[in-house]
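Participant: Structure for this input, please:
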Amino acid sequence: MSFQISALQAAAFEPLFGLTDEELAARGAVRKIADRNPGFPCRVSLADAGVGETVLLLNYEHQPANSPYRATHAIFVREGAEEAHPRKDEVPEQLRSRLLSVRAFDERGMMLDADVVEGRSLEPIIERMLADASVGYLHLHNAKPGCYAARVDRA
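Facilitator: Predicted structure coming up:
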């Protein structure tokens, strides 16, 4: 079954980079300089920030559904990040190199299934979960820190 991985939209975060550190703090966000690679996975570019790049660490509502699974968590966004548009059935390297939690939701935002997999072995889990007609979409999370990584839909 074909799938499409989606990054977050750059436009939602661009205005934040013009804020002062105090203004960011008032929104619960922090400006950081990447001091290692990997280590600062951008949710817009689906690539790790390079050493010396500016990133924002902020809370993001990745599951806005009006259900018990409504959720937010910390994410990184690189300054000036170009929005990733992976090809159909493509898994970006940032996801391949991490231990991932894969969560399947129905259209009401109720979790139907979940699994943990090394990113290099992601496709069989995606295919299995999307084969269930009651699954509306998948969320990928970095399994250890728990932060949201990307969304997966049927292509």
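Participant: Give me the secondary structure label for the residue of the chain most remote from its centre.
Facilitator: In the chain, residue 22 marks the outermost C-alpha relative to the chain mean, sitting 25.8 Å out by CA atoms, centre = their mean. Secondary structure assignment for residue 22 (DSSP: H, G, I helix; E, B strand; the rest coil): helix.
Participant: quick one: residue 72 from residue 152, how far?
Facilitator: As judged by CB to CB, to the nearest Å, residue 72 and residue 152 stand 19 Å apart. Every C-beta, even on glycine, is put in place using the N, C-alpha and C of the backbone.
Participant: if you count what's nearby, which of these two comes out ahead?
Facilitator: Legend: neighbour count by other CB atoms under 10 Å for residue 72 and residue 152, higher for residue 152 (25 against 14).
Participant: what kind of secondary structure is residue 122 in?
Facilitator: Bear in mind the rule, three-state DSSP; under it residue 122 is helix.
Participant: Could you measure from it over to residue 15?
Facilitator: 32 Å.
Participant: Neighbour count: the two, which is higher?
Facilitator: Ranked by neighbour count (other CB under 10 Å), residue 122 and residue 15 place residue 122 first, with 20 against 8.
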